[in-house]
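*Asks:* Structure of the sequence below:
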Amino acid sequence: MLHIIAWLIVGLIAGWIAGKLVDGHGFGILGDMVVGIIGAFIGGFIGTALFGWTVTGLNLGTIILSVIGAVILLTIIKAVTPQRAHI
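*Replies:* Take a look at the predicted model:
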């Protein structure tokens, strides 16, 4: 149970930070969690493949890897979705 809570907290923090870095705003609590948790998987995969680092628990290293993964996710999403014209 504590692992699930830790993932949700990491997801919320990472998603919020990534949203601020990429779009200048967050996506609400649920959206930030989803972006952050998916980002943790991406960051964990990249961290393990390149440096042997893993995403474990609620610590600074996990949050950093999760933010990196979430930024990559949001950047890809922005690149493949059409931009809306501002009137």
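*Asks:* For the rest of this, base every contact and every neighbour count on C-alpha atoms.
*Replies:* Noted.
*Asks:* what packs against the lengthiest helix in the chain?
*Replies:* Longest helix in the chain, counting residues (DSSP state H): helix 28-51. When contacts are defined as 3 or more Cα pairs under 8 Å, 6 or more residues apart in numbering; DSSP states H and E, helix 28-51 sits against helix 2-22, helix 60-80.
*Asks:* Next, format the ones you listed as TSV and append mean pLDDT, mean neighbour count and distance to I29.
*Replies:* Shown next, in TSV, are the helices and strands packed on helix 28-51 (pLDDT from 0 to 100; neighbours: other Cα atoms under 10 Å; distance: least, Cα to Cα, whole Å):
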stretch	mean pLDDT	mean neighbour count	distance to I29
helix 2-22	86	20	7
helix 60-80	89	19	15
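*Asks:* if we can go back for a sec, roughly how far is the longest helix of the chain from the heart of the chain?
*Replies:* On the basis of Cα atoms, centre = their mean, to the nearest Å, helix 28-51 is displaced by 4 Å from the centre of the chain it belongs to.
*Asks:* ok, residues contacting that helix?
*Replies:* With Cα atoms under 8 Å, 6 or more residues apart in numbering as the test, helix 28-51 has contacts from 7-16, 18-19, 26, 53-55, 62-63, 65-74.
*Asks:* try it again with 6 Å
*Replies:* With contact meaning Cα atoms under 6 Å, 6 or more residues apart in numbering, helix 28-51 is reached by 11-12, 14-16, 53-55, 65-66, 68-70.
*Asks:* Spatially, which two of the residues you listed are the most separated?
*Replies:* Spanning the widest gap among those are W16 and W53, at 22.4 Å by Cα to Cα.
*Asks:* Measure how buried the closest residue in space to L12 that isn't next to it in sequence is and give me the count.
*Replies:* Using Cα to Cα, 6 or more residues apart in numbering and skipping the chain neighbours, the partner closest in space to L12 is M33 (4.2 Å). By other Cα atoms under 10 Å, the residues close to M33 number 22.
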